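Colleague: Show me the folded form of this:
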Amino acid sequence: MLRFIGVVEKANERGVSKIRIFDEFHEGLEGLDTFSHIIILYWFHLRATEERRRVLKVIPMGCAGNPKVGVFASRSPSRPNSIGLCVAELAKLEGNILSVKGLDAFEGSQIIDIKPYLPRIDAFPEAAVPQWARHP
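Modeller: Numbering: from 1, shown residues only. Predicted coordinates for the structure are as follows:
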């Protein structure tokens with residue numbers, strides 16, 4: 001059974017977002033501040049409607065020039081399970097409040113999990129991607 005561990009309280013205020021981890025999970029943060037970057041899994045709460053969860057084909061990034069692809073070949077927030085993933089810089093950890101840079105979640109998004117970013121495991125600079133995914 002899925003249990004949310006926190007919530008985004010402030011989203012991208014001056015480039016920094018605030019995540020509050022619920023008190024019952026506070027101990028799980030020990031040692032996290034020794035990492036510069038973290039992986040945040042969160043719930044796309046604004047896209048979690050039954051209609052959006054039935055979407056199986058999307059135009060990635062909403063760019064008209066991109067080809068229509070299956071939802072699993074995209075990062076679209078409209079998907080069967082409304083789970084978002086983001087690598088963010090951990091700017092500060094105070095108590096159960098994380099200040100992060102680069103979070104793409106909205107205020108009110110529930111946090112599913114946090115994992116440390118490990119470059120030797122999580123980075124593959126030579127990974128193949130289609131042409132449409134190469135531009136910013």
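
Colleague: ok, residues contacting the lowest-mean-pLDDT helix or strand in the chain?
Modeller: Least confident helix or strand, the chain: helix 50-53 with a mean of 87, by mean pLDDT, DSSP states H and E. By C-beta atoms under 8 Å, 6 or more residues apart in numbering, the surrounding residues in contact with helix 50-53 are 77, 78, 79, 80, 81, 82. The way it works is simple: take the backbone N, C-alpha and C, and place the C-beta from them, glycine included.

Colleague: Read off the pLDDT value for the second one.
Modeller: According to the model's per-residue confidence, residue 78 sits at a pLDDT of 89.

Colleague: just to revisit the earlier point, counting neighbours, which bits of the least confident helix or strand of the chain end up buried?
Modeller: Neighbour-count burial for helix 50-53, counted by 16 or more other C-beta atoms under 10 Å, picks out residue 52.

Colleague: which is the next helix or strand following that helix?
Modeller: strand 57-58 (DSSP states H and E).

Colleague: Which elements pack onto that next one?
Modeller: strand 69-70 (3 or more C-beta pairs under 8 Å, 6 or more residues apart in numbering; DSSP states H and E).

Colleague: So in that sheet, which strands flank the following helix or strand past the strand it packs on, and in what orientation?
Modeller: Downstream of strand 69-70, the first helix or strand assigned by DSSP H and E is strand 83-94. When pairing is defined by DSSP bridges, strand 83-94 lines up against strand 37-43 (antiparallel), strand 97-101 (antiparallel).

Colleague: want to throw these into a markdown table with distance to residue 31, mean pLDDT and mean neighbour count?
Modeller: Shown next, in a markdown table, are these (distance: least, C-beta to C-beta, whole Å; pLDDT from 0 to 100; neighbours: other C-beta atoms under 10 Å):
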| stretch | distance to residue 31 | mean pLDDT | mean neighbour count |
| --- | --- | --- | --- |
| strand 37-43 | 11 | 97 | 20 |
| strand 97-101 | 13 | 98 | 20 |
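
Colleague: Nearest to residue 13, out of these?
Modeller: Nearest of the strands paired with strand 83-94 to residue 13, taken as C-beta to C-beta: strand 97-101 at 9.8 Å.
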